[in-house]
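J.: what's the 3D shape of this:
(one chain, ligands or ions: 1)
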Amino acid sequence: MARGISDRRVIDAMLKIPRHIFVQEAFAAQAYSDSPLPIGEKQTISQPYMVALMTELLSLDGSEKVLEIGTGSGYQTAILATLADRVYSAERIRPLALRARKCLDSLKLFNVMLRINDNEGSPIGWEDEAPFDAIIVTAGAPDVPAILTDQLAPGGRLVIPVGSDSEQQLLKITKNDQGELERFASVGCRFVPLIGRQGWQA
Ligand code: SAM
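T.: Numbers count the residues shown, from 1 in each chain. Next up, the predicted model:
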């Protein structure tokens, strides 16, 4: 794959999961272009390159319990479900979560648990199911939410876009066995805002 994705498992998962079923019919012809596309509700399906890069940064070997914040279309969720043991994915917009569930079921990806966090006051994440070996946030945050690093297991990885509401940097945060956090800055990116406490206001 172009632009430096080298994890063979990630490339194979990207080749295996059909992206066209996750986009709206009107955009089906563009489903295999390397760009984000509208999915309704003012949200987007992520650019395939960004999905591959974020997944590679999680360093999954197939044994992990993964948390995803921002199910959106369910496309990134499907890639994660192919590469990890279990995926817990939270979405705040009900119609998107319901459509994603149908797409994931049609691919028989039954190792995905979906949760609808549409209560404005609900905390980000899935505290009842923590800790997670890997956490991916597919929406941009003003800073790294402590509520999410608290849900990381020792050795766990968090991948999250952090910055302003219009431009972010992709960060990989690793929690070592002593519970200390190490930060690695990857590429610049542009995601829709992460909404909620420790995110942006709706
Ligand atoms: N990765 C997804 C895909 O490939 O379709 C794209 C996700 S879209 C860029 C970001 C999603 O995050 C939106 O669907 C938005 O509703 C959701 N979101 C924003 N804040 C959230 C929160 N606090 N909890 C759960 N989902 C949230």
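
J.: count of residues packed around the closest residue to residue 124 other than its chain neighbours?
T.: Nearest non-adjacent residue to residue 124, counting by CB to CB, 6 or more residues apart in numbering: residue 196, 4.9 Å away. Just so you know, the C-beta spots here come from the backbone N, C-alpha and C atoms, and that holds for glycine as well. As a burial measure, residue 196 scores 23 neighbours (other CB atoms under 10 Å).

J.: Residue 196 reaches residue 70, doesn't it?
T.: No: between residue 196 and residue 70 there is no contact under CB atoms under 8 Å: 10.9 Å.

J.: now the helices for the chain?
T.: Assigned by DSSP state H, the chain shows helices spanning 8-16, 48-57, 75-83, 94-106, 146-149.

J.: For the residue of the chain most remote from its centre, list the residues it contacts.
T.: Residue farthest from the centre of the chain, counting by CA atoms, centre = their mean, is residue 178 at 25.8 Å. Applying CB atoms under 8 Å, 6 or more residues apart in numbering to residue 178 gives the contacts residue 154.

J.: Can you tell me which residues in this structure are near the ligand?
T.: Contact residues, the chain versus the ligand (CB under 6 Å from any ligand atom): 43-46, 69-70, 72-73, 75-76, 90-93, 96, 117, 124, 138-139, 191-192, 194-196, 199.

J.: hang on, the earlier thing: I'd like the helices of the chain written out as TSV, with distance to residue 33 and mean pLDDT added.
T.: Shown next, in TSV, are the helices of the chain (distance: least, CB to CB, whole Å; pLDDT from 0 to 100):
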stretch	distance to residue 33	mean pLDDT
helix 8-16	14	98
helix 48-57	8	98
helix 75-83	14	98
helix 94-106	19	98
helix 146-149	31	96
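
J.: for these, which one ends up most surrounded?
T.: With neighbours taken as mean count of other CB atoms under 10 Å, those reach their highest mean count in helix 75-83, at a mean of 25.

J.: and the angle for that one with helix 8-16?
T.: Calculated by axes from the mean of the first three to the mean of the last three CA atoms, to 10 degrees, helix 75-83 forms an angle of 130 degrees with helix 8-16.
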